[in-house]
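1. Everything below, folded, please.
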Amino acid sequence: MSAANVQKTCESTREKLKPAIDRIEQFLNENALPELDQNQTEESSAFYKGFLSDLRHLLVFSEVSYEKLGVVLRRANFDVDFAEKALYNTYHQSINSFFYPKNECYSEDGRYAYTGQDAIRFRDKPIRAVRDVILEISKTYEELRDDLAFYESDYLTQRRMQNQRNHA
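-> Below you'll find the predicted structure:
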């Protein structure tokens, strides 16, 4: 990918991450486990504890990606390798953290992706605030996944080939 394209991708990725970060942070600042877990059963407590844990991880990964992309874009000389690594890490940490949360409180059901319905399915029926925050940020992470799909596998393949050429 050309340096100009990589730079534009870094800029757009950073711009898209910011509102998602703000929304997650707002949710975490305004909600605590006792407020979310209204049933207070063992099962519901495990669900909301896992959900909050996954959301905190997503926030950290997204903030780190946002900051690294900022560093990439502030450098006097644009470093394509550093930028591509930052984009790769954004894909593999932030985006994967959203779509494959450790506690599996929600998941994406691809059968709904093209029907106009929400593709996110929750393991248990959450309260409205939980449902709303995930569905709001899902659009951002879907866009980022589409934008950065190249970095799912092609980036590593490209790096391996480059290393083989350098060692040959």
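
2. Need the mean per-residue confidence for stretch 109-116.
-> Stretch 109-116 carries an average pLDDT of 62.

3. In this structure, what residue spans correspond to helices?
-> Counting by DSSP state H, the segments of the chain that form helices are 3-30, 33-36, 42-74, 80-89, 96-99, 128-147, 150-167.

4. Please convert the ones you listed to a markdown table, extending it with distance to Asp109 and mean pLDDT.
-> In this view, the C-beta of every residue, glycine as well, is placed from N, C-alpha and C. Written out in a markdown table, the entries for these read as follows (distance: least, C-beta to C-beta, whole Å; pLDDT from 0 to 100):
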| stretch | distance to Asp109 | mean pLDDT |
| --- | --- | --- |
| helix 3-30 | 21 | 96 |
| helix 33-36 | 23 | 92 |
| helix 42-74 | 17 | 97 |
| helix 80-89 | 27 | 93 |
| helix 96-99 | 11 | 95 |
| helix 128-147 | 12 | 95 |
| helix 150-167 | 20 | 63 |
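
5. how about these in CSV, adding distance to Arg121 and mean neighbour count?
-> Formatted as CSV, the helices of the chain follow (distance: least, C-beta to C-beta, whole Å; neighbours: other C-beta atoms under 10 Å):
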stretch, distance to Arg121, mean neighbour count
helix 3-30, 19, 16
helix 33-36, 18, 13
helix 42-74, 13, 18
helix 80-89, 27, 19
helix 96-99, 12, 20
helix 128-147, 10, 17
helix 150-167, 22, 12
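
6. between those helices, which gets nearest to Glu108?
-> Within those, the stretch nearest Glu108 is helix 96-99; the backing value is 5.6 Å (C-beta to C-beta).

7. same for that closest one, what does it pack against?
-> Helices and strands touching helix 96-99, by 3 or more C-beta pairs under 8 Å, 6 or more residues apart in numbering; DSSP states H and E, are helix 42-74, helix 128-147.

8. So what touches stretch 52-71?
-> With C-beta atoms under 8 Å, 6 or more residues apart in numbering as the contact definition, stretch 52-71 has outside contacts at 10, 13-14, 17-18, 20-21, 24-25, 27-28, 33, 36, 83, 86-87, 89-90, 93-94, 97-98, 101-103, 105, 133.

9. centre of the chain versus that stretch, how much separation?
-> On the basis of C-alpha atoms, centre = their mean, to the nearest Å, stretch 52-71 is displaced by 8 Å from the centre of the chain it belongs to.

10. just stretch 80-91 next, same as before
-> How far stretch 80-91 lies from its chain's middle: 14 Å, per C-alpha atoms, centre = their mean.
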